[in-house]
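Peer 1: Sequence first, predicted model second:
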Amino acid sequence: MKNKDKENFDFIKNKFDNDNLKAPGVLDETGAKNLIEDKIPKKLKIYKTKTFKAVVSLVACFAVVITSLTFFRPYSIDKNSIVYPEQNSSSVLPTFASYDDIEKTVKEIEKNEKNTADFAFGYRDTVKSAEMQYTAENAEGGSMARDYSETYKQLETVDEADIIKNNGEYIFWINSERNVVSIYKGKELVSEIDDFDSEKYDGTENEYFIDMFLYNEKLILNSWKSSFEDGLIRDFTITSVYNISDIENPEKINSFAQSGSYISSRITDGQLYVATNEYIYSEYCKDYRDYVPCVAEDGGKTEPIALDSIYYCDSPSDTGYLIVSSINVENGEKAVSSKALFGGGSDIYCNENNMYVAMNKFVWKPILSTEDSRCQIVKIKLGKENIDFVAVGEVDGNTHNQFSMDEKDGYLRVATTSINSSGENVNNLYVLDENLEKVGEVTDFAKNESIQAVRFIGDMAYVITYEQIDPLFVIDVSDPAVPQIKGSVEISGFSSLLVPVDENTLLGIGYETKVNDIGITVDGIKLALFDISNPESPKVLDSYVKNDADSDAQSNHHALVVNREKGYYAIPYNAFYYTDSGEYEEYHNSDVGVLMFSVKDNKIVVENDFSAENKNECYSSRCTYIDDSVYLFQYGQETVIDEFKTK
């Protein structure tokens with residue numbers, strides 16, 4: 001490792017250590033990019049958690065390097081190295097002819113990248129060296145009659161994982177500070193899954209919990225670990241299935257591992273689908289096994305994914321894989337299918353039949369052209385017996401998050417932000433057919449703004465863009481060939497999550513903004529209510545601002561709680577304040593709580609603003625409810641729970 005590179009990553013590591021945080025997995029080009037895109041939006045957002053401060057430190061270190069990167073030229077493979085599918089095959093993508101051809105492709109892409117950009121003064125070497133150093137040092141079913149909150153998700157028929165789950169009797173909570181899963185009945189701790197409790201860490205290889213599902217009497221836990229063997233570092237995503245019929249003694253049924261860092265997961269029709277990214281670096285590979293993704297069952301030996309299950313996508317721009325596995329959660333048995341595609345993923349949209357993975361191609365230049373900012377989309381057909389990569393398409397720009405995609409009547413609708421040849425942000429909506437061929441588009445709207453929220457409802461798309469104000473665009477996609485912007489309305493601040501209230505009303509959850517000496521900054525939580533009954537003339541019905549506060553719901557839709565029976569919404573919040581000198585004070589000097597509100601007669605009505613009794617220098621992250629009680633969970637070395645009565 002070069003001395004300067006080592007200094008950079010020692011600084012990053014120290015920032016995490018000083019804030020008592022674990023580094024967020026192995027760092028690579030996509031990991032660094034995701035940190036920047038996920039944690040720092042196009043305009044300034046002010047988060048004040050310990051995690052945010054550490055991420056900012058990390059991002060700042062990468063920013064100097066990343067902004068110097070130039071275009072990675074796509075690589076065209078030797079056609080003799082791939083095998084095209086037979087005519088009766090459900091897959092349309094070719095596979096590799098041999099493992100040797102995979103090794104050859106990886107090395108050629110690396111050579112192509114180096115010749116094109118020279119890796120921005122050794123960026124890849126810097127990142128990989130840090131990976132090696134950091135990991136080497138650290139590798140040493142409740143009653144259905146009860147009313148309770150479920151995870152807020154994009155589609156009701158497809159479950160999404162989160163750090164808190166609730167079955168109407170017990171609440172399951174991942175305490176990331178301690179790296180345990182705690183099970184509560186109300187505020188009473190019943191049991192814990194503490195196999196990897198940080199308080200018991202003995203210096204050996206450890207797993208770190210990410211998120212989880214509840215499925216009947218099973219708890220499905222996703223976690224990650226990094227392995228360092230024979231000079232090769234490898235990230236693994238582990239899915240473990242626990243039987244929780246005896247709630248005081250959860251029992252692991254099985255576990256399944258696939259290489260790569262976790263992207264996301266979904267459950268539909270009794271099947272769990274897990275998606276990961278893995279990047280390959282030839283200088284650390286010793287044989288063909290190191291060049292291909294691998295899987296393992298129940299702690300057993302890792303095995304490479306079969307050659308005929310590793311697909312090739314034309315003109316890859318990096319040496320990575322998207323890996324998707326299917327696991328039967330009805331019986332907790334091994335994956336029925338694991339497939340890989342040469343490439344990498346970022347955002348996932350999934351319905352009962354198909355999964356779509358957006359692979360945003362980030363090409364770093366001082367000024368980007370439209371052609372440089374591209375989004376490759378992979379369509380994966382889901383089934384109980386098999387999964388197949390069945391189509392690949394590409395559009396201009398990058399998706400914002402999973403809500404940027406939606407499928408209806410066989411058509412995929414995709415909203416993106418791209419950068420034109422003048423260096424301006426522009427926004428687009430594309431309609432793709434079942435083969436991901438473009439059939440319609442509306443492009444270049446809201447110049448100099450970027451997408452902050454998208455929601456597709458039936459034949460309409462609602463798109464929030466932002467620069468200094470928040471325009472809501474209403475786009476009619478009933479005719480896939482001719483999508484049309486029907487109307488728009490502006491409001492200060494911007495919404496980052498759009499929630500359908502009824503067929504005529506849309507709720508926005510996001511940020512209020514203000515202009516001060518340092519520019520435009522956020523100034524609290526903003527709720528906005530839109531009348532969408534007339535697409536050509538949407539209106540702002542009402543708004544509410546909680547100043548000097550923020551919420552996880554502004555950046556993570558899972559933090560929103562919806563009680564349909566009683567007709568209210570709830571979000572956790574963290575309040576802060578400024579001293580007389582204008583200096584910012586931490587949350588523990590102010591307030592944490594739950595904001596409970598409803599929509600009545602076209603107005604936002606605050607039903608309750610619950611303030612936590614026990615702040616304990618914690619950060620409010622999630623809330624959930626059972627019957628008439630709302631529970632607030634706060635991060636900390638010891639979990640702090642507050643219970644509020646809604647009656």
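Peer 2: Perfect, thanks for sending it. Numbering: from 1, shown residues only.

Peer 1: who touches residue 212 in this structure?
Peer 2: Residues counted as contacts of residue 212 (CB atoms under 8 Å, 6 or more residues apart in numbering) are 161-163, 165, 172, 174, 181, 219-222. (Glycine included, C-beta is placed from N, CA and C.)

Peer 1: Next: residue 393.
Peer 2: Residue 393 touches 376-377, 379, 412, 432, 435-438, counting by CB under 8 Å, 6+ apart.

Peer 1: Try it again at 6 Å.
Peer 2: Shown in contact with residue 393 (CB atoms under 6 Å, 6 or more residues apart in numbering): 377, 432, 436.

Peer 1: Give me the buried subset of those residues.
Peer 2: Buried members of the contacts of residue 393, counted by 16 or more other CB atoms under 10 Å: 377, 432, 436.

Peer 1: Need the residues you listed in TSV (columns: secondary structure and distance to residue 238).
Peer 2: Below are the buried ones among the contacts of residue 393 laid out as TSV (DSSP: H, G, I helix; E, B strand; the rest coil; distance: CB to CB, whole Å):
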residue	secondary structure	distance to residue 238
377	strand	27
432	strand	34
436	coil	31
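
Peer 1: Can you add distance to residue 487 and pLDDT and give those back as TSV?
Peer 2: Below are the buried ones among the contacts of residue 393 laid out as TSV (distance: CB to CB, whole Å; pLDDT from 0 to 100):
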residue	distance to residue 487	pLDDT
377	28	93
432	24	98
436	29	96
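
Peer 1: of those residues, closest to residue 521?
Peer 2: Using CB to CB, residue 377 comes nearest to residue 521 of the buried ones among the contacts of residue 393, at 34.3 Å.

Peer 1: Test my guess that residue 593 contacts residue 608.
Peer 2: No. Under the criterion of CB atoms under 6 Å, residue 593 makes no contact with residue 608, lying 9.3 Å away.

Peer 1: Now residue 206: closest residue in space that isn't a chain neighbour?
Peer 2: Excluding its sequence neighbours, the residue lying closest to residue 206 (CB to CB, 6 or more residues apart in numbering) is residue 196, at 5.2 Å.

Peer 1: Tell me the buried residues in the helix or strand in which residue 236 is found?
Peer 2: Element membership for residue 236 (DSSP states H and E) is strand 232-243. Across strand 232-243, burial judged by 16+ other CB under 10 Å covers 233-242.

Peer 1: Low-confidence ranges, the stretch 51-200 of the chain, go.
Peer 2: Applying pLDDT under 70 to the stretch 51-200 of the chain flags the ranges 51-82, 84-91, 113-146.

Peer 1: so where do the strands sit in it?
Peer 2: Taking DSSP state E, counting those that start in this stretch, the strands of the stretch 51-200 of the chain run over residues 82-83, 95-96, 159-160, 164-166, 171-175, 180-185, 188-193.

Peer 1: can you list these in TSV and add mean neighbour count and distance to residue 486?
Peer 2: Shown next, in TSV, are these (neighbours: other CB atoms under 10 Å; distance: least, CB to CB, whole Å):
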stretch	mean neighbour count	distance to residue 486
strand 82-83	16	45
strand 95-96	22	44
strand 159-160	22	30
strand 164-166	23	38
strand 171-175	25	42
strand 180-185	20	47
strand 188-193	15	50
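
Peer 1: right, so of the ones you listed, which gets closest to residue 472?
Peer 2: Closest of these to residue 472 is strand 159-160, at 24.8 Å (criterion: CB to CB).

Peer 1: strands paired with the closest one, and their directions?
Peer 2: Strand pairing for strand 159-160, determined by DSSP bridges: strand 261-268 (antiparallel).

Peer 1: I'd like the distance from the strand it pairs with to the chain centre, please.
Peer 2: Strand 261-268 sits 9 Å away from the centroid of its parent chain (CA atoms, centre = their mean, to the nearest Å).

Peer 1: and after it, which helix or strand comes next?
Peer 2: Next helix or strand after strand 261-268 toward the C-terminus (DSSP H and E): strand 271-279.

Peer 1: which residues sit against that next one?
Peer 2: Residues from elsewhere that reach strand 271-279, judged by CB under 6 Å, 6+ apart: 28, 237, 239, 258-266, 293, 320-321, 323-327, 329, 344, 348.

Peer 1: do stretch 149-158 as well
Peer 2: 160, 162, 166, 266, 268, 350-352, 557-558, 560-562, 624-625.

Peer 1: same deal with stretch 472-488?
Peer 2: Applying CB under 6 Å, 6+ apart, the contact partners of stretch 472-488 are 411, 413, 429, 431, 439-440, 442, 459, 461, 463-464, 471, 489, 530, 535-538.

Peer 1: and residue 500, what does it touch?
Peer 2: Neighbour list for residue 500: residue 457 [criterion: CB under 6 Å, 6+ apart].

Peer 1: whoops, I mixed them up, residue 289
Peer 2: Counting by CB under 6 Å, 6+ apart, residue 289 touches residue 304.
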